[in-house]
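1. model the structure of this input:
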Amino acid sequence: MSESLPLTEQAHPDSQRLEQQSIQHLVALMRNDQQNVLSALSAAEPAIIATIESTVRALRAGGRLFYIGAGTSGRLGVLDAAECPPTFRTDPQQVQGLIAGGEVALSRAVEGAEDNESLAIADLEKQQLGPQDMVIGIAASGKTPYVRAGLRFAHAQDACTALIACTPLPQDDPAIQHWLFLLTGPEILSGSTRLKAGTVTKMVLNMISTISMIQLGKVYDHYMIDLQITNAKLQQRARRIIHELTGLSAGAIDDLLQAAQGEVKTALLMHFQQLDYAAARQQLDAVAGHLHQALQVSGD
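-> Below you'll find the predicted structure:
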């Protein structure tokens, strides 16, 4: 019977009689089980790369990235999307996470939501999808009705689609353009995909959003130069980035940030090229926001 189950639902060979094991044994067991995450990532790398390439094309064309999932998978998508505005100063509409059952499902299970295909269609209809958009379904089993219906609807709107799953599936659905199989194997606690299936999914979402934003000019060297200064920690990070790249004093950095309207990227170009805010913004807009390219154009 276990052979017909999703990989994440099958029995783990090393996790019998968990309730009889010591804490030390269980910690070691779970730690060792995480080794499968990196091998799963390596095997899926070509599909990950292809998905990121499609995502970058969509965002460059003015489209949006949507994650759609239920339960743990949906929460991971919402989390990754929510981190994009403060980290990369994206418009909140540019990267969005949709979860079966809506916001209430972020903190507790919503009965029947993941099985509701019409709910997925309704959630995506509100977004007015188009051919510039990218929709990535997240489902450890790969079969969640909410997710699969959402991907079929997205495909019908000519959006690009991908599916992240942690079990092998027949690639026979024409509505899915990219299949990302993250095969981490059975869970220590059978069916608990918040464990290593959740870990590997989070890692892939990190790759998709971070690398896409790097390609869109949101990063310079290893610095998040498009961060949105929304709290004291990010204020200090912005100051540190500018200091490390320019050597300016604290007072000069504060003056520069004020003149740049709190935009770290703009502040850096203003400093390096001795430009005012309007000229720096114009120069960045001409190269789609890439600071490196703006500096090259200026002959830095």
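2. how about the helices in the stretch 101-250 of the chain?
-> For the stretch 101-250 of the chain, the helices defined by DSSP state H, counting those that start in this stretch cover 117-125, 145-156, 196-215, 232-246, 250-259.
3. in the first one, what's buried?
-> For helix 117-125, burial by neighbour count (16 or more other C-beta atoms under 10 Å) applies to Glu117, Leu119, Ala120, Ile121, Asp123, Leu124. Just so you know, the C-beta spots here come from the backbone N, C-alpha and C atoms, and that holds for glycine as well.
4. for the record, mean pLDDT for that helix?
-> Averaging pLDDT along helix 117-125 gives 96.
5. just checking, what packs against the helix or strand of the chain with the lowest mean pLDDT?
-> Taking mean pLDDT, DSSP states H and E as the measure, the helix or strand of the chain with the lowest value is helix 291-297, at a mean of 90. The contact analysis (3 or more C-beta pairs under 8 Å, 6 or more residues apart in numbering; DSSP states H and E) places helix 291-297 against helix 264-273, helix 277-286.
6. okay if I get those helices as a markdown table plus distance to Glu45 and mean pLDDT?
-> Shown next, in a markdown table, are the helices and strands packed on helix 291-297 (distance: least, C-beta to C-beta, whole Å; pLDDT from 0 to 100):
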| stretch | distance to Glu45 | mean pLDDT |
| --- | --- | --- |
| helix 264-273 | 30 | 96 |
| helix 277-286 | 32 | 96 |
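7. with respect to burial, which of those scores highest?
-> helix 264-273 (a mean of 23; mean count of other C-beta atoms under 10 Å).
8. dump the C-alpha coordinates for that one into CSV.
-> Extracted in CSV, the C-alpha atoms of helix 264-273 (Å, rounded to 0.1, in the frame of the first residue of the first chain):
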residue,chain,number,x,y,z
VAL,A,264,20.2,53.4,-0.7
LYS,A,265,20.8,52.6,-4.3
THR,A,266,20.0,56.2,-5.3
ALA,A,267,22.2,57.6,-2.5
LEU,A,268,25.2,55.5,-3.8
LEU,A,269,24.9,56.8,-7.3
MET,A,270,24.4,60.3,-6.1
HIS,A,271,27.7,60.0,-4.1
PHE,A,272,29.8,58.3,-6.7
GLN,A,273,28.7,60.5,-9.6
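9. list of residues touching that helix?
-> Helix 264-273 is contacted by residues 220, 223, 225-227, 229, 238, 241-242, 245-246, 248, 256-257, 259-260, 275-277, 280-281, 283-284, 289, 291, 294-295, 298, 300 when judged by C-beta atoms under 8 Å, 6 or more residues apart in numbering.
10. distance check, Ala81 against Asp254.
-> 32 Å (C-beta to C-beta, to the nearest Å).
11. of these two, who's got more company?
-> Regarding Ala81 and Asp254, a neighbour count based on other C-beta atoms under 10 Å identifies Ala81 as having more, with 21 against 14.
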